[in-house]
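> Okay, predicted coordinates and the sequence, questions at the end:
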Amino acid sequence: MKKSLVALAALAVAGIASAQSSVTLFGVVDASVSHYSSKAELANPFAVAPFVIPTGIKQSQTVLGNSGYNSSRIGFRGTEDLGGGLAASFWLESSMSNDDGAKALSNFNRRSTVSLSGGFGEVRLGRDYTATFWNDTVFDPFGTNGVGSSAIFGTNLRLSSLRGPGAAAGGSGSDNYVRTSNSIGYFLPPNLGGFYGQLQYALPETVKNSGLDQSQKGRYVGGRFGYANGPLDVAVAYGQSTAADTPSVVTGLVVGNSQQRKIDTLNLGASYDFGPAKLFAELSQAKDKNKLGTSAALAGLPYFVTTSQTDKYNGALVGVTVPVGAGLIRASYSRVKFSNGATPVVNVQNFFSTSNFDSTANQLALGYVHNLSKRTALYATIAKLKITDGQNSAVLGGQSIIQSNGTNPTGGVGNSPAGYTQRSSLGYDFGVRHSF
């Protein structure tokens, strides 16, 4: 009897084990010696006292950073075979600051999803990359890591930081650029002859009060569709993030202030591997659409005024990677032009300080990766960013080469004092990456 019970228990364990695959522990540890320098100038030279020559501000900083080649991370993933071609999966991934050990597994902010997949495709729930971010990273030779990350990535990152749903108090806690929380995603099956795609919707999770419109702040809607076959990969993506949504509250004859702000992103990316070299290209446009409603009064009679402004950030990137033995040469040039949606006002007093004109950012990056093995690599990257008329855009004017690295402490390089705007910045990374 006892032997029979043991045999039954063994069969039960074997049945459970055969129904699921093993859980995988994975991660990347990336560390670099990085240096950053920047130069800022007065946004309005006429603001200084007469007969005083305007001076710029130079800043520099050397750090032991992380994520210069690949993002440092640690995570767990696993899949259970449910039979009949159906599978359930999970993915929990946390960012890691291995340079100081201050952060690892404190949360799963990089990705935390559970999914169900089969012949129909995959349905994925949780915190995940946005559909519109993929083209920015896949078609960048530097993969949105380190100082070589493109001006497109730096601009979109800063735009989401300053204008996104998580920027102000009461934010949604998600920037809706790189990743979004509370998302429902659908991915096409991989057997479509090279065609791939996804649709994604992130719930705002705001509270609906009786008699009031529900705020949609934090909502994200997007999709990405592409074709990959042999050396060619091309994809287009579009997404809309609701950065602010404050409905008007009507009290008697008075209509309260309102705001609706949406950031629309459209990008097209492609790569082609010729063998001796792989070429990359991307076109991108982000629209910051802000609509304000303000209550006012004329002769004691209330009325409501609506104003709107749409700022555009048009970006372009070309890049190349060239394999050289066990190494890889990487290079890219990227440019972003800011088109101000405000009505231009030109006069002597505000010619240098107005926020009603355009600005541009140009970046050149060069790097080399030497693979010591499949999991370990040494790398070096240098990049130069130049900003023209940065005083006209809080997004471009405050951008620095360090913004892409994400290791900048408060008050560090690229944080210009009031009245100054960034003109140029230079950075380099020398590091090692190990994956497991």
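Sure, I can see it. Predicted, not measured: the structure shown is a model, and the values here were computed from it. Residues are numbered from 1 along each chain as shown.
> moving C-terminal of the strand ranked longest in the chain, what's the next helix or strand?
Using DSSP state E, we find that the single longest strand of the chain is strand 301-324. The first helix or strand that comes after strand 301-324 along the chain, using DSSP states H and E, is strand 327-339.
> Assumed residue 373 was part of a strand.
No. When DSSP: H, G, I helix; E, B strand; the rest coil is applied, residue 373 is found to be coil, with no strand at that position.
> looking only at pLDDT, what's the mean for the longest strand of the chain?
With pLDDT averaged residue by residue, strand 301-324 scores 91.
> and it, what other elements does it pack with?
Packing partners of strand 301-324 (3 or more CB pairs under 8 Å, 6 or more residues apart in numbering; DSSP states H and E): helix 151-163, strand 254-255, strand 278-298, strand 327-339. Using the backbone N, CA and C atoms, a C-beta is placed for each residue, glycine as well.
> do you know how far the residue nearest the centre of the chain is from residue 149?
Centrality entry for the chain: nearest residue to the mean C-alpha point is residue 178, 3.2 Å, by CA atoms, centre = their mean. Counting by CB to CB, to the nearest Å, the gap from residue 178 to residue 149 is 11 Å.
> go on, residue 160?
From residue 160 over to residue 149 the distance is 14 Å, taken as CB to CB.
> ok, the two, which is more surrounded?
residue 149 (27 against 24; other CB atoms under 10 Å).
> Let's verify the more buried one: helix, strand, or coil?
coil.
> That one reaches residue 156, doesn't it?
No. The criterion here is CB atoms under 8 Å, and residue 149 misses it with residue 156 at 10.5 Å.
> sorry, back to before: excluding its backbone neighbours, what's nearest the residue nearest to the centre of the chain?
Setting aside the residues directly before and after it, residue 178 is nearest to residue 133 in space (CB to CB, 6 or more residues apart in numbering), at 5.2 Å.
> Tell me, how many residues neighbour the one you found?
Applying other CB under 10 Å, we find 25 residues neighbouring residue 133.
> same thing with residue 231?
Based on other CB under 10 Å, the number of other residues close to residue 231 is 12.
> With adjacent residues omitted, what lies nearest to it?
Going by CB to CB, 6+ apart, residue 231 has residue 273 as its nearest residue, at 4.0 Å.
> Identify the bridge partners of that neighbour.
residue 278 (DSSP bridges).
> what pairs with residue 435 across the strands?
Per DSSP bridges, the residues bridged to residue 435 are residue 28.
> my guess is it contacts residue 70, does it?
Yes. Using CB under 8 Å, residue 435 is in contact with residue 70, at 7.0 Å.
> Common neighbours of the two, please.
Taking CB atoms under 8 Å, 6 or more residues apart in numbering as the contact rule, residue 435 and residue 70 both touch residue 28.
> Quick one: low-confidence residue ranges for the protein.
For the chain, the stretches with pLDDT under 70 are 1-20, 44-55, 167-174, 249-255, 300, 344-356, 400-418.
> That's all I had, so thanks and see you.
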